[in-house]
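Trainee: the amino acid sequence is not available; the structure is as follows:
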């Protein structure tokens, strides 16, 4: 006996979904973008697989629609009747079928011949035909639903392709195997104005070679940090060595006295040929004075050695996330604002390519935060790039927020980059102390100065300081 759920499950496994997935993945435009990057291909397959599982669960519920539930309940009742009762109730069944089933026309035709009704096989044949009708209707309903959802999936996939095509500088940079996160972010639908905005800052960054160099250096610095908590003691490891051993019979290197019968020289056996000399042979055997071949060979074995080198190699930390603290005060308006936004955009590209998180704190008299590399991060990027700088400067609050992030497990081993004109007072002593503690744990503090009037005392708290102004000579400092 089949109920509505069994009908649904049976048809959900009928191959409709597999065929829909094959059709989607064979679309030329989608095949091209998938083949362009292993990371994108993997992310796309994961998305389609999740879609398939979701729709499979929904297909099993198609039968809860009233018309299917009512007809299947009537079908179940009919197959449980004995043949006599079925014939008696056939006219009532036909009336109900006229309301809820596409099988009514065929059913009426089968019941039109009176002698058919009283055949012993009539009920079985009638119900088999009815079952096939229900199955066909359910399959069509599920097929229609799959087509509807498949179109929605295609719309989403093509949308992501369009978004990626609008950001060629993102797909061309970094490791092609690690662009899966960019595919997830590309779900955001971009307007023409937003595409122009991204392209504008990409072009500005491309024209500022100094900013590009700074971004690249920031990306590389994390490779040079070792784990402060790693042991400095020598590390024991196994090493393969060769030893000369007499027990290894590789070569004959001479003759010596011994009692090894397997290495006995042939002339020693002459003593055994004469009974009167046999006792001499046994005496030489007991005294280890038989002439033996001297065999020798090399044997490889593992032994433990101590080394410092391996300990240092294993102590290198994985690259941590970026935390960008960006001065959005009114004094940053103009060229400094463009530089800050362009560098943030460049660092986001590096973060995506290296699978690092990127968190932004914009500060003036208030704080605004964005997580640029999360799933909807592209929308946050656009919000950030379109934001107008204004207000005063409250750098201590921004540094406090950045420190809070660094204390979170997700943001350990972070690179904090402060982009500002540094026209602000020096931070309080308590804040400076927190920064020094984080430095000791190998968090890195960087700064990009975008003004000739920055406060030197404020800039002293950073490990690395770059000076980048409108001046034709762009200076690079490293403390």
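Mentor: Thanks, I have the structure now. Bear in mind the structure is a predicted one, so any value in this text is a computation, not a measurement. Numbering: from 1, shown residues only.

Trainee: from here on, just use CA atoms for contacts and neighbour counts.
Mentor: Fine.

Trainee: show me where pLDDT drops low in the stretch 351-479 of the chain?
Mentor: 470-479 (pLDDT under 70).

Trainee: can you list the domains in this protein?
Mentor: 1-165, 209-226+317-467, 235-311 (automatic domain parsing).

Trainee: list the buried residues for stretch 112-132?
Mentor: 117, 122-123, 126-127, 129-131 (16 or more other Cα atoms under 10 Å).

Trainee: and if you look at stretch 413-426?
Mentor: Result for stretch 413-426 [16+ other Cα under 10 Å]: buried residues 413-424, 426.

Trainee: same question for stretch 290-301.
Mentor: Neighbour-count burial for stretch 290-301 [16+ other Cα under 10 Å]: 290-298.

Trainee: out of those, name the ones that lie in strands.
Mentor: 290-298 (DSSP state E).

Trainee: distance between stretch 121-132 and the chain's centre?
Mentor: 53 Å (Cα atoms, centre = their mean, to the nearest Å).

Trainee: what ranges do the helices span in the stretch 51-200 of the chain?
Mentor: Using DSSP state H, counting those that start in this stretch, the helices assigned to the stretch 51-200 of the chain run over residues 66-80, 83-100, 104-111, 114-117, 122-165, 168-172, 180-185, 192-207.

Trainee: list of residues touching the strand or helix carrying residue 33?
Mentor: Using DSSP states H and E, residue 33 sits within helix 28-35. Contact partners of helix 28-35, identified using Cα atoms under 8 Å, 6 or more residues apart in numbering, comprise 25, 40-41, 44, 157-158, 161.

Trainee: the helices of the stretch 51-200 of the chain: which one's closest to residue 17?
Mentor: Checking these against residue 17 by Cα to Cα gives helix 122-165 as the closest, at 7.2 Å.

Trainee: most neighbours among the contacts of helix 28-35, please name it.
Mentor: residue 40 (23 neighbours; other Cα atoms under 10 Å).

Trainee: could you pull out the helices for the stretch 351-479 of the chain?
Mentor: 377-385, 395-407, 429-440, 456-459.

Trainee: packing partners for the last one?
Mentor: Packed against helix 456-459 by the contact rule (3 or more Cα pairs under 8 Å, 6 or more residues apart in numbering; DSSP states H and E) you find no helix or strand.

Trainee: buried ones in it?
Mentor: 458-459.

Trainee: got the helices of the stretch 51-200 of the chain as a markdown table, with mean pLDDT and distance to residue 30 columns?
Mentor: A markdown table is the format used below for the helices of the stretch 51-200 of the chain (pLDDT from 0 to 100; distance: least, Cα to Cα, whole Å):
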| stretch | mean pLDDT | distance to residue 30 |
| --- | --- | --- |
| helix 66-80 | 82 | 37 |
| helix 83-100 | 89 | 42 |
| helix 104-111 | 90 | 45 |
| helix 114-117 | 75 | 56 |
| helix 122-165 | 86 | 8 |
| helix 168-172 | 59 | 15 |
| helix 180-185 | 75 | 12 |
| helix 192-207 | 85 | 21 |
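
Trainee: out of those, nearest to residue 442?
Mentor: helix 180-185 (26.7 Å).

Trainee: identify the residues contacting the closest one?
Mentor: Against helix 180-185 from outside (Cα under 8 Å, 6+ apart): 39-44, 160, 164, 352, 355, 373-378.

Trainee: among these, which ones are buried?
Mentor: Buried among those by 16+ other Cα under 10 Å: 39-44, 160, 164, 352, 355, 373-375, 377-378.

Trainee: give me the neighbour count for the nearest residue to residue 358 once chain neighbours are set aside.
Mentor: Distances taken as Cα to Cα, 6 or more residues apart in numbering put residue 322 closest to residue 358, at 4.7 Å, once the chain neighbours are dropped. Per other Cα under 10 Å, the neighbour tally for residue 322 reads 26.

Trainee: next: residue 323.
Mentor: 25.
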